[in-house]
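Trainee: here is the input, now give the coordinates:
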Amino acid sequence: MYITQTLLLVVIGIGGGAWNAVAGGASLLTFPALMAAGLPPVVANATNFEGLLPSNAAALPAYREELRGLGRELRPLIIVSGAGAIVGSVLLVVSDPHTFVALIPALIFTATLLFAFGDRVRALLLVSASATTSRSIVYAGLFVASIYGGYFGAGLGFILLAVAQILGHADVHVANCIKNLLATTFTIISIAVFGLGGVIDWTAAVAMMVGATVGGYLGGRYARRVNQKLLRAAVIVFGMVLSAAYLLRVI
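Mentor: Sure, this is the predicted structure:
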């Protein structure tokens, strides 16, 4: 990979890390940017997982107390989420690349909808889930959602928050702790599958990780100075335009 491309990916990582820190939805920027840098779609998607890993993992040290308090309750959630991530990641590795390309418009559109209406989706799930909802049903939903997470993943955070709250964790800090932990663990699992499948561009991934680390720090530091409503609106418009553009390519 040329030096200019590597520098471009560092810049993309900075933008993605900052974007995630301020508003979320960075994959809507970084995934197409990786393809624009010349990576094949499946490789771009797999590389994107590793490139944005710091933005998920960096939040965990802030939740040390919550993690200790949750204890063994986290184990089945990690197992179920990890199993779903393995299924989704394997599907990406073994499926025909043309199938993934054909699904890109729908995947980006789905991610954009989750980003735009994630809070409403979470509220709807909470209302529809009664106090008697069995954990097996919640775990089944988490497994299915994690398959999507392992295959593409953008926008999954809203579903993970809903799962945490349905399980009785109304405290936003505890719910966020569970979301960040699950996102980090299934991302690491997916990276392992993608690495074994040989679909990660490691040079591009490391360049993005460096950028995402810097961007996450800067985004977290200056987040309060940014008009988040305008930024979220820009993300949604960008996602809609992007899904339409890829749909025209497929057609």
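
Trainee: every contact and neighbour count from this point should use C-alpha atoms.
Mentor: Noted.

Trainee: what is the longest helix belonging to the chain packed up against?
Mentor: When the chain is scanned for its longest helix (criterion: DSSP state H), the result is helix 97-128. Counting contacts by 3 or more Cα pairs under 8 Å, 6 or more residues apart in numbering; DSSP states H and E, helix 97-128 is packed against helix 27-36, helix 41-51, helix 156-166, helix 228-250.

Trainee: could you identify which of these is most buried?
Mentor: For the helices and strands packed on helix 97-128, the largest average neighbour count (mean count of other Cα atoms under 10 Å) is found in helix 41-51, namely a mean of 26.

Trainee: who touches it?
Mentor: Applying Cα atoms under 8 Å, 6 or more residues apart in numbering, the external contacts of helix 41-51 come out as 13, 27, 30-32, 34-35, 92-93, 97, 100-101, 152, 187-188, 190-191, 194, 199-202, 204-209, 212.

Trainee: packing partners for the helix-or-strand element of the chain with minimal mean pLDDT?
Mentor: Within the chain, no helix or strand scores below helix 53-57, which has a mean of 74 by mean pLDDT, DSSP states H and E. Under the contact criterion of 3+ Cα pairs under 8 Å, 6+ apart, helix 53-57 touches helix 3-22, helix 172-197, helix 202-222.

Trainee: buried set for stretch 89-105?
Mentor: Residues of stretch 89-105 classed as buried by neighbour count (16 or more other Cα atoms under 10 Å): S89, V90, L92, V93, F100, V101, I104, P105.

Trainee: nearest residue to the third one other than its sequence neighbours?
Mentor: Nearest in space to L92, with sequence neighbours left out and distances taken as Cα to Cα, 6 or more residues apart in numbering, is Y151 at 5.6 Å.

Trainee: is it correct that that neighbour is in contact with G88?
Mentor: Yes: in this structure Y151 lies within contact range of G88 using Cα atoms under 8 Å: 4.4 Å.

Trainee: hang on, the earlier thing: of the helices and strands packed on helix 53-57, which is nearest G141?
Mentor: Shortest distance between G141 and these, using Cα to Cα, is found for helix 172-197: 14.0 Å.

Trainee: and the angle for the closest one with helix 202-222?
Mentor: 170 degrees (axes from the mean of the first three to the mean of the last three Cα atoms, to 10 degrees).

Trainee: how far is helix 172-197 from where the chain is centred?
Mentor: Taking the mean of its C-alpha atoms, helix 172-197 sits 9 Å from the chain's own mean (Cα atoms, centre = their mean, to the nearest Å).

Trainee: packing partners of that helix?
Mentor: helix 41-51, helix 53-57, helix 64-70, helix 74-94, helix 135-151, helix 156-166.
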